[in-house]
Each structure stands twice: as C-alpha cells, then as structure tokens.
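Asks: What follows is a protein structure lacking sequence information:
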C-alpha cells in the first residue's frame, strides 16, 4: 500500500510530457514571404476553406447513395446458425430422461425480380441528388472565388486610398508652410495659418483612417485564405492604368445565367430527384415478385443429421395500408410541385442578379470616364489657385476648397476604377463564368476502392 503514491508519481511524470504535447495549440500557418497574386490567393483559399471541403464530402456521400440504391438489383445472402441444449422430464413408460443437443446452420438468399420500377426510381433519384450536390459544391467554390477576388480588390482599393491620403497630407503640409511664410513677412493674416493648420490636421486624420482601412482589408483577405487575421501579408499591385473591360452583351449573359449557372443546375437536379421520389412513392405499394432460397444442415444428435433446402418465388400484393400510401403519394406530389416553384424562383433570381450586375458595371464604366474628367479639372483648378495664392490674388479659403476638391476627385477616380473591377467580377459570377479557370477542382466521385480524386490538404483519411 505504501508504494502506491510513488507509482502514481512516476506515472504522472511519464504522462505530463504527453499531455503537454497533446494540449499544445497547433502552430498557425506561416505568413507568405512574398506579395501574393490573385491566383495564389485563390489557391490558398481552396486548400484551407472548410465550407467548400464540407460540400465536396457531402457530394461524395450523395454518390455513395447511388451505390446504395443500386444494391437492390443484387441478391442478398445471409448465414445463420444456432446451438441448443434442452432437457425434458420423461413421463411414465420406457422413455428415459436425458439432455438433447441440437445445432443448425442455414444459408439464405433473396433477390427482388420485379417491383413496377420502384428500384429504378430510387436509383435515378439518387443520381439526381448526386448531381444537385455536385452543383452546389461547384457553386460554393465559385462563391469562395468571388469573395477572395473582391477581398483582394478591396485591399488594393484601400492601398490606393492610402496613396491619395498621403498625397493630400503632403499638399496640406506644403500649404501650411506656405501660409506661415507669408504670415512671417506680413502678406497673410493669422486666419490663413489657422485654416491651413486645420486642413493639415484633417489630412492627418484621413491618413490614419486610410491606414486602418488597409489593415482591415488585409485581415479580411487573410481570414479567407485560412490565415490569422493579423498576418502581415502583401499583394501584387493591380495596374491602375490597366485596360478596362467592355460592357458585355446582355442576351448572351442572360442565356448563360439561365443555363450554365451552378445554382440553376442544382435546382434542376433537385427537381428531378423530387420527381423520382414521387414515382417511387407511387410504385412502392404495387405488387412485387421475390425469389428466395435456403439451404441448411440440421443436427438432432449426430452431425450432420439431415440436410434441407428450398427455392421459391413469392408474390406480394399490398391490400390495405391504413391510407399510408395515399398520404405518402400526396406528400411526394406536393414536394415535387414545391421543387418546380423553387426552380422557377432560382431562374428569376439568377436573371435579376445578372441584370443588376450589368447595370452596376455600366454605371461603373461611365463613372470612370466622369471621374477622370473631374480629376483633370480638379488638378488644373488646384494648380491655378495655388499660383494665385502665391501672388496674393486668392485667399486661403479658395486654396483649401481647391485642395479638398482635388482630394475628393482623386478618391473618386481610384474608387470608380475599383468599382469596375468588382462589378465585372460580380457579372462573371452572376452569368456562370468560371472564376477558377486555372484550377482543377476535385470532383465528388467515389468508389469502394477510394474517392477517385485527390483529397484536400489536411484530410486525415488515407
């Protein structure tokens, strides 16, 4: 008894390192050392996003249900056996009381021959459900690609805003120095210095806000890539003078939205699955023919005592099910009708989203033209006003107004260009264009030997 505490102490010393290793948190993913391109961001997001991986495995589970439905075309076999020992008190007469041993082994097989198409409806319904799951997986991958693209572009827009804020602060600091110099020689009143100082302080505040927006955009992109929010990642700059896309053709985009969009494919496949579910409900309680057979060995004392076998075909005709079949068919029919209305709703929503995306893109393209014209005018006005102020022909109020207008015009110019990039990405997504052309997504295929596709990174399954 006295040795138990010592044994427990040695046991604890042995387990403490193992427990510490088990409780040690998983080290975070290493931050990228070089600026990331959009393609690299998309690759990291696909490898680390759990929602897309979950839909991939859900699609593979739907494929497995096809195999489950097909199994009804195969015969089933089962082996059963029993061992027994019994004793019964003998009555009067020559019989003696003695224990009896018994054993039995039976092989049973059964195969459905005919069921009015119920099996076929089940297989086709499972296949349609699998197609719907595969389409939902592809839609999820495209949604992820759009989210990463928009986050990447947002970060670039915040960096452009930061450049504008820095230029505005430099200009405000120059004007403040100019006002002080003019005040020192008696060419400007104290009010000009105070007004210029106010403008310079406002520019510093705008710079702080721009830097905060950059960090917020960087954190949003890092989380989508599966990295900690404080990861100091950087991106490759999008050329600000890159050619802008042309306004796409509406009829072509509308047709793609109604046919190619994965959400449409998922809705149509789900509708087919509900149609086959209705057919299955209608045929579930019709006559069926089953072939079965048994073969066994029986032992009444010496093994084997005798053999037995049987083969037969059975006709099953349901007569009355307590109106269960009628209600089941009504339920399946209403589900099918609901599925058809859901498909119509998805079609209308897809067309509306595509139309809105095109309107946004058209507005953004016109905004670029207008903002560039506004920027040219604001730059010229700011230069003229500064020259007039140096000559004493303009007031500080005029100079501050011109500087404020120039800063606003610069922000509008960069944000309108960013709006074009994002509106075009939304148009591509709304019309079913592939946002992942450089990637081969794993397909939700499955077999008894393996999944038939490369597993996502981090998948513990072999």
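Replies: That came in fine, so what should we check first? Keep in mind the model is a prediction, meaning the values are calculated, not measured. Residues are numbered from 1 along each chain as shown.
Asks: what are the ranges of the strands in this structure?
Replies: Secondary structure of the chain, counting by DSSP state E: strands at 76-86, 100-114, 288-299, 306-316.
Asks: How far off centre is the last one?
Replies: Averaging C-alpha positions (CA atoms, centre = their mean, to the nearest Å) puts strand 306-316 53 Å from its chain's average.
Asks: Strand partners (parallel or antiparallel) of it?
Replies: Applying DSSP bridges, strand 306-316 is found paired with strand 288-299 (antiparallel).
Asks: Kindly report the same for the second one.
Replies: Neighbouring strands of strand 100-114 in its sheet, by DSSP bridges, are strand 76-86 (antiparallel), strand 288-299 (antiparallel).
Asks: returning to that earlier point: need the strands of the chain in a markdown table (columns: mean pLDDT and mean neighbour count).
Replies: The way it works is simple: take the backbone N, C-alpha and C, and place the C-beta from them, glycine included. Listed next are those as a markdown table, based on pLDDT from 0 to 100; neighbours: other CB atoms under 10 Å:
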| stretch | mean pLDDT | mean neighbour count |
| --- | --- | --- |
| strand 76-86 | 84 | 10 |
| strand 100-114 | 84 | 15 |
| strand 288-299 | 86 | 16 |
| strand 306-316 | 85 | 10 |
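Asks: Residue 269 is nearest to which of those?
Replies: strand 100-114 (26.8 Å; CB to CB).
Asks: Run through who's touching the closest one.
Replies: With contact meaning CB atoms under 8 Å, 6 or more residues apart in numbering, strand 100-114 is reached by 72-88, 119, 288-301, 303, 313.
Asks: Report pLDDT for residue 48.
Replies: Listed pLDDT for residue 48 reads 88.
Asks: what does residue 333 give?
Replies: The model's pLDDT for residue 333 equals 95.
Asks: so who does it touch?
Replies: Residue 333 neighbours (CB under 8 Å, 6+ apart): residue 278.
Asks: how close does it get to residue 326?
Replies: Residue 333 sits 11 Å away from residue 326, going by CB to CB, to the nearest Å.
Asks: now swap in residue 82 and tell me
Replies: In terms of CB to CB, residue 82 sits 42 Å off from residue 326.
Asks: what are the ranges of the helices in the stretch 51-200 of the chain?
Replies: For the stretch 51-200 of the chain, the helices defined by DSSP state H, counting those that start in this stretch cover 118-184, 190-224.
Asks: An error on my part: the question was meant for the stretch 301-450 of the chain.
Replies: For the stretch 301-450 of the chain, applying DSSP H, counting those that start in this stretch gives helices covering 324-390, 396-430.
Asks: Those helices into a markdown table, with extra columns for distance to residue 447?
Replies: Shown next, in a markdown table, are the helices of the stretch 301-450 of the chain (distance: least, CB to CB, whole Å):
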| stretch | distance to residue 447 |
| --- | --- |
| helix 324-390 | 29 |
| helix 396-430 | 32 |
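Asks: which of these sits most buried?
Replies: Greatest average neighbour count among the helices of the stretch 301-450 of the chain goes to helix 396-430 (a mean of 20), per mean count of other CB atoms under 10 Å.
Asks: Helix 118-184 and that one, what's the angle between them?
Replies: 170 degrees (axes from the mean of the first three to the mean of the last three CA atoms, to 10 degrees).
Asks: quick check: angle from helix 396-430 to helix 190-224?
Replies: Going by the same axes, to 10 degrees, helix 396-430 makes 20 degrees with helix 190-224.
Asks: pLDDT weak spots in the chain?
Replies: 1-31, 33, 87-98, 100, 300-305, 449-462 (pLDDT under 70).
Asks: distance of the closest residue to residue 331 other than its chain neighbours from residue 333?
Replies: Of all residues not flanking residue 331 in the chain, residue 281 sits nearest, at 7.5 Å (CB to CB, 6 or more residues apart in numbering). Going from residue 281 to residue 333 by CB to CB gives 8 Å.
Asks: before we move on, what about residue 103?
Replies: Taken as CB to CB, the span from residue 103 to residue 333 is 53 Å.
Asks: How about residue 319?
Replies: 23 Å.
Asks: Please apply the same query to residue 225.
Replies: 47 Å.
Asks: just residue 165 next, same as before
Replies: Relative to residue 333, residue 165 is positioned 63 Å away (CB to CB).
Asks: Then residue 244?
Replies: Taken as CB to CB, the span from residue 244 to residue 333 is 52 Å.
Asks: again, but for residue 172
Replies: When residue 172 is compared with residue 333 (using CB to CB), they lie 72 Å apart.
Asks: likewise residue 381?
Replies: 71 Å.
Asks: what does residue 310 give?
Replies: 41 Å.
Asks: Pull the residues that contact stretch 69-87.
Replies: 97-112, 119, 122-123, 125-126.
Asks: do that again at 7 Å, thanks
Replies: When contacts are defined by CB atoms under 7 Å, 6 or more residues apart in numbering, stretch 69-87 is touched by residues 99-112, 119, 122-123, 126.
Asks: for stretch 134-154, same thing?
Replies: The contact list for stretch 134-154 (CB under 7 Å, 6+ apart) reads 38, 41-42, 45-46, 49, 51-52, 55-56, 59, 217, 220-221, 224, 235, 262-263, 265-266, 269, 418, 421-422, 425, 429, 435-436, 441, 444.
Asks: how does it look with 8 Å?
Replies: With CB under 8 Å, 6+ apart, stretch 134-154 has contacts from 38, 41-42, 45-46, 49, 51-52, 55-56, 58-59, 62, 217, 220-221, 224-225, 235, 238, 261-263, 265-266, 269, 418, 421-422, 425-426, 429, 434-436, 441, 443-444.
Asks: Then stretch 273-291?
Replies: Residues contacting stretch 273-291 (CB under 8 Å, 6+ apart): 110-118, 121-122, 124-126, 128-129, 132, 311-318, 321, 325, 328-329, 331-333, 335-336, 338-339.
Asks: Ends of it, what's the gap?
Replies: For stretch 273-291, the separation between the terminal residues is 29 Å (CA to CA, to the nearest Å).
Asks: buried ones in that stretch?
Replies: 273-285, 288 (16 or more other CB atoms under 10 Å).
Asks: Tabulate these (a markdown table), appending distance to residue 138.
Replies: Below are the buried residues of stretch 273-291 laid out as a markdown table (distance: CB to CB, whole Å):
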| residue | distance to residue 138 |
| --- | --- |
| 273 | 17 |
| 274 | 21 |
| 275 | 22 |
| 276 | 22 |
| 277 | 23 |
| 278 | 27 |
| 279 | 27 |
| 280 | 27 |
| 281 | 30 |
| 282 | 32 |
| 283 | 32 |
| 284 | 33 |
| 285 | 37 |
| 288 | 38 |
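Asks: In helices, which of those fall?
Replies: In this view, these that belong to helices under DSSP state H are 273-283.
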